[in-house]
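Undergrad: Generate coordinates for the sequence data below:
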Amino acid sequence: MIVMTRYLPITSMILLSACGLDEPADNLASTEPVEVRTCESIRDDVIRIAGQNGVNIVKIYEPQTLVDTPDKLDCSGRVLVSSGQEAKLYYRSFKDADGDRLVQYSEQKMD
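TA: Just a heads-up that it's a prediction; the model follows:
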């Protein structure tokens, strides 16, 4: 059984998209739909990533938007883990220097 405590660092990041040879040229319009990211929409990503790192999050409740810009979405919420413990969780979606979308989470507020 995995137990998450306030002292257990659970910071993690994962690459959600990658660049490839099939990218459109800069002078062509992309036909791909623009994905709207919200604190609600990235909860499943956070839960999946945490599980890959041995933290069994059952659900993230009461998601709140802290920062919302085109390149960064910072959120917080109350997390329930499989042991029944609850804690505050901070999570985000952001673009890195290469333009790839990443997701990160932590029990501590992130800069």
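Undergrad: From residue 46, how far out is residue 102?
TA: Distance from residue 102 to residue 46, counting by Cβ to Cβ, to the nearest Å: 12 Å. Quick note: C-beta positions are derived from backbone N, CA and C, even for glycine.
Undergrad: More neighbours: which of those two?
TA: residue 46 (27 against 16; other Cβ atoms under 10 Å).
Undergrad: which stretches of the protein aren't confidently modelled?
TA: The model of the chain has pLDDT under 70 over residues 1-35.
Undergrad: redo that, cut-off 90
TA: 1-37, 99, 110-111 (pLDDT under 90).
Undergrad: Please enumerate the helices of it.
TA: Assigned by DSSP state H, the chain shows helices spanning 43-52.
Undergrad: in the longest strand that the chain contains, what counts as buried?
TA: Determined from DSSP state E, the single longest strand within the chain is strand 57-69. For strand 57-69, burial by neighbour count (16 or more other Cβ atoms under 10 Å) applies to 57, 60, 63.
Undergrad: Sheet partners, orientation included, of it?
TA: strand 72-81 (antiparallel) (DSSP bridges).
Undergrad: what about dumping the CA coordinates of the strand it pairs with to PDB?
TA: Output of strand 72-81 as PDB, limited to C-alpha atoms (Å, rounded to 0.1, in the frame of the first residue of the first chain):
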ATOM      1  CA  LYS A  72       1.100  28.000 -18.500                       C
ATOM      2  CA  LEU A  73      -1.800  26.700 -16.400                       C
ATOM      3  CA  ASP A  74      -1.200  26.400 -12.600                       C
ATOM      4  CA  CYS A  75      -3.800  24.700 -10.500                       C
ATOM      5  CA  SER A  76      -4.400  23.400  -7.000                       C
ATOM      6  CA  GLY A  77      -6.800  20.800  -5.600                       C
ATOM      7  CA  ARG A  78      -7.500  18.500  -2.800                       C
ATOM      8  CA  VAL A  79      -6.100  15.000  -3.500                       C
ATOM      9  CA  LEU A  80      -7.400  11.700  -2.100                       C
ATOM     10  CA  VAL A  81      -4.800   8.800  -2.300                       C
END
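Undergrad: What residues of it count as buried?
TA: 73-77, 79-81.
Undergrad: Could you single out the nearest of those to residue 67?
TA: Residue 67 lies nearest to residue 74 out of the buried residues of strand 72-81, by Cβ to Cβ, at 3.9 Å.
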